[in-house]
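Asks: Structure, please.
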Amino acid sequence: MTKIILASMLIFTSLSGFGQKKDEKKEQNPKSLYGYQVKDINGLDFNFESLRGKKIMIVNTASKCGFTKQFAALQEVYEKYKDQNFVIIGFPSNDFMNQDPGTDKEIMEFCSVNYGVTFPMMSKIKVTGKDKAPIYEFLTDEKLNGVMSSSVGWNFQKYLIDENGFLVKVINTKTEPDDPEIINWIEGN
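Replies: Numbering: from 1, shown residues only. Now for the predicted structure:
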């Protein structure tokens, strides 16, 4: 009888993760954006933990795309809501038809000069394929984000992340950043 009780306790302990460090569980399956760190467009470390408590829109961008004009609306939305626990994070990517071939410095200059971008821009990454950046693995794989799997169909696809670092929704490239669906989400309606 004692052996059965001990075996049952051992099974329960291993299934529940008892004795496992919190950080170890987080690394195995973060389900939260806060477990990720990337390089910003200036080559500095950027830890998503620093955004805890904010709603986040992540957008893969390109400088030579038919949707590049969305930078203007992204900047307007950022300016309007940045003081209300909201942030936009841009990830330049050259994955679609070579539409962002420049260096990080060239991309940032283009965004600043042409669209006045002040929201955080990260270093250029892969958002598709076998070399997809870990942050986009998280965004596109239900096993990692705990919500849904998706694929990045084109530049300016938007990922909405809630104040707890969890994926809420994926927004189509063609949907403008100031679309009522996005604004309602930002405002909590």
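Asks: give me every residue that touches the residue lying closest to residue 49 once chain neighbours are set aside.
Replies: Spatial nearest neighbour of residue 49, excluding adjacent residues (C-beta to C-beta, 6 or more residues apart in numbering): residue 34 at 4.7 Å. (C-beta placed from N, C-alpha, C; glycine too.) Contact analysis of residue 34 by C-beta atoms under 8 Å, 6 or more residues apart in numbering lists 48, 49, 51, 52, 165.
Asks: Filter those residues down to the buried ones.
Replies: 48, 51, 165 (16 or more other C-beta atoms under 10 Å).
Asks: before we move on, back to that, any idea how far residue 48 is from the residue nearest to residue 49?
Replies: Counting by C-beta to C-beta, to the nearest Å, the gap from residue 34 to residue 48 is 5 Å.
Asks: overlap in contacts of these two?
Replies: Between them, residue 34 and residue 48 share these contacting residues under C-beta under 8 Å, 6+ apart: residue 165.
Asks: circling back to that earlier point, I'd assumed the residue nearest to residue 49 was in a helix, is it?
Replies: Yes. Counting by DSSP: H, G, I helix; E, B strand; the rest coil, residue 34 is part of a helix.
Asks: just the strands in this structure please.
Replies: Per DSSP state E, the chain has strands spanning 37-39, 45-47, 55-61, 86-92, 158-161, 167-171. These are given in chain order.
Asks: Any chance of a markdown table for those strands, columns mean pLDDT?
Replies: Conversion of these to a markdown table gives the following (pLDDT from 0 to 100):
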| stretch | mean pLDDT |
| --- | --- |
| strand 37-39 | 97 |
| strand 45-47 | 98 |
| strand 55-61 | 98 |
| strand 86-92 | 98 |
| strand 158-161 | 98 |
| strand 167-171 | 97 |
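Asks: Same list (those) but as CSV, adding distance to residue 178 and mean neighbour count.
Replies: As requested, the strands of the chain are exported to CSV (distance: least, C-beta to C-beta, whole Å; neighbours: other C-beta atoms under 10 Å):
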stretch, distance to residue 178, mean neighbour count
strand 37-39, 26, 15
strand 45-47, 25, 13
strand 55-61, 11, 24
strand 86-92, 12, 22
strand 158-161, 11, 22
strand 167-171, 12, 19
